[in-house]
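Participant: can't give you the sequence, but here's the structure:
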């Protein structure tokens, strides 16, 4: 044991610390290390791919909403047509039992009923051409598999194509909504006019 002069304090030997342990224990260096990109950080290419996937998903969601709106419109039109048929049969039978003449008001009721039914049929009439909700798989294979397009994105192409389909379908859908409004107004007018005719009959 080494001799130590009296009156001198002996400090404990400092614990040896490696550079790696020092980096781990230093709060400032640890904070900077969290800010720096690591190997697990997403690259610019993967970020762009995720953004393109989100854009494509939003375009598909818009088309799905449009298809649901068209189905709902046709379902409502079917209910309106059924209601028009019931009201027309009831008012027609009541007018026939009363034995009164058709008259001006009754003629307007018949015209309104016929126009309402015709408008309902206009909405419900199926048309194969004019609606586009999907892209042709064969055309996509010909354009993107058989022909290499390394500098273009297929997701963005599909998103733009679906947006074009959405705008084209929207014009037809808005027109059908207008026909539905006309049908609802005509059916309501026919019921009111028919009721007035029955009330006026002796």
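Facilitator: Noted; the coordinates are in hand. As the structure is a prediction and not an experimental result, all values here were calculated from the model.

Participant: Just the element for the residue nearest to residue 88 when sequence neighbours are not counted, please.
Facilitator: Once its chain neighbours are removed from consideration, residue 88 has its nearest residue in residue 113; the separation is 5.2 Å (CB to CB, 6 or more residues apart in numbering). In this view, the C-beta of every residue, glycine as well, is placed from N, C-alpha and C. Remark: residue 113 resides in helix 103-124, with elements defined by DSSP states H and E.

Participant: repeat for residue 186
Facilitator: Using DSSP H and E, the secondary-structure element containing residue 186 is helix 154-200.

Participant: Quick one: distance of that helix to the chain centre.
Facilitator: Relative to the centre of its chain, helix 154-200 is centred 18 Å away, using CA atoms, centre = their mean, to the nearest Å.

Participant: Residues touching the helix holding residue 113, excluding its own?
Facilitator: Residues outside helix 103-124 that contact it (CB atoms under 8 Å, 6 or more residues apart in numbering) are 73-74, 77-78, 80-81, 84-85, 88, 91, 95, 102, 176, 179-180, 182-187, 189-190, 193-194, 196-197, 200.

Participant: PyMOL command for the buried members of those residues?
Facilitator: The buried residues among the contacts of helix 103-124 can be selected in PyMOL (16 or more other CB atoms under 10 Å) with this line:
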select buried, resi 73+74+77+80+81+84+88+91+95+176+179+180+182+183+184+186+187+189+190+193+194+197
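
Participant: who's in contact with the residue nearest to residue 156 when sequence neighbours are not counted?
Facilitator: Across the structure, with CB to CB, 6+ apart as the measure, the residue nearest residue 156 apart from its sequence neighbours is residue 52 (5.7 Å). Taking CB under 8 Å, 6+ apart as the contact definition, residue 52 lies against 153, 155-156, 159.

Participant: Neighbour-wise, which one of those leads?
Facilitator: The most neighbours of any of those, using other CB atoms under 10 Å, belong to residue 159, which has 21 neighbours.

Participant: which element is the closest residue to residue 162 other than its chain neighbours on?
Facilitator: The shortest distance from residue 162 to any residue other than its chain neighbours is 4.0 Å, reached at residue 59 (CB to CB, 6+ apart). Element membership for residue 59, per DSSP H and E: helix 44-98.
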